[in-house]
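Asker: Let's see this in three dimensions:
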Amino acid sequence: RFLGVDLGIINLATDSDGNSYTGAPVEVVRQRCGRARQTYQATSTRSAKRRLQKMARNESRFRRDVNHCIAKELVTHAKDTKAALSLEDLTGIRDRMTVRKGQRNRHSSWSFNQLRAFVTYKAQRAGVPLVFVDPRNTSRACSKCGFVDKRNRRSQAEFSCLRCGHTL
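Answerer: Alright, predicted model coming up:
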């Protein structure tokens, strides 16, 4: 049995059992720091630069903590259900994708590689097998019958298989 994990920007991880691990807290902190960053950068004093560095460290530490918690939950769930983990291999995704101007900051601050590294070492420590798969069509394929179609995915949050009717 495999527990497939779909990595994303809105939901940082979604497993094939239907559990979603949202990135909403990370997004709130990112936006708050972004607004404050604009103010401090406009000030351009030494104390503002120190404050910018401190804020960057806090944001990074928070993101790392969230990724650790998600990785721990994924590995624990896989171990409890005696399943192997299957993660998307997203190396080079920033080179393959283009995003709108409004999404650039969110896309460039997406820490999927850090989450992957945490899942890798936690799975190895727990003895859970880990497999990396090609991300092509993973969000469009039905987990029940395997049917792949672009129309299966009506929106980012809604999946409905055209062949068997399975919905997520």
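Asker: which residues touch Lys150?
Answerer: Remark: with contacts taken as CB atoms under 8 Å, 6 or more residues apart in numbering, Lys150 is in contact with Arg140. For the C-beta atoms, the positions are set from N, CA and C on the backbone; glycine is no exception.
Asker: before we move on, what about Asn58?
Answerer: Contact partners of Asn58, counting by CB under 8 Å, 6+ apart, are Cys33.
Asker: where does it land in three-state SS?
Answerer: When states are read from DSSP: H, G, I helix; E, B strand; the rest coil, the local structure at Asn58 comes out as helix.
Asker: Am I right that Arg163 is in contact with Phe147?
Answerer: Yes. Look at Arg163 against Phe147 with CB atoms under 8 Å: they come within range, at 4.1 Å.
Asker: Between those two, which contacts overlap?
Answerer: By CB under 8 Å, 6+ apart, no residue touches both Arg163 and Phe147.
Asker: So what's the residue count around the closest residue to Gly18 other than its chain neighbours?
Answerer: When the adjacent residues along the chain are set aside, Gly18 lies closest to Leu168, with 6.1 Å between them (CB to CB, 6 or more residues apart in numbering). The local packing of Leu168 (other CB atoms under 10 Å) involves 17 other residues.
Asker: Repeat that for Arg30.
Answerer: Neighbourhood size, Arg30 [other CB under 10 Å]: 17.
Asker: Also Arg51?
Answerer: Summarising burial for Arg51: neighbours were counted as other CB under 10 Å, giving 16.
Asker: helix, strand or coil for it?
Answerer: Assigned by three-state DSSP, the conformation of Arg51 is helix.
Asker: Please, where are all the helices along the chain?
Answerer: 24-43, 46-80, 93-96, 104-108, 112-126 (DSSP state H).
Asker: Looking at those, spot the one closest to Pro135.
Answerer: Closest to Pro135 of these, according to CB to CB: helix 93-96, at 7.6 Å.
Asker: ok, Ala48 - contacts?
Answerer: Tyr40, Gln41.
Asker: do you know how far it is from Thr39?
Answerer: Ala48 sits at a distance of 8 Å from Thr39 (criterion: CB to CB, to the nearest Å).
Asker: got it, and Cys145?
Answerer: Noted for Cys145: a distance of 52 Å to Thr39, by CB to CB.
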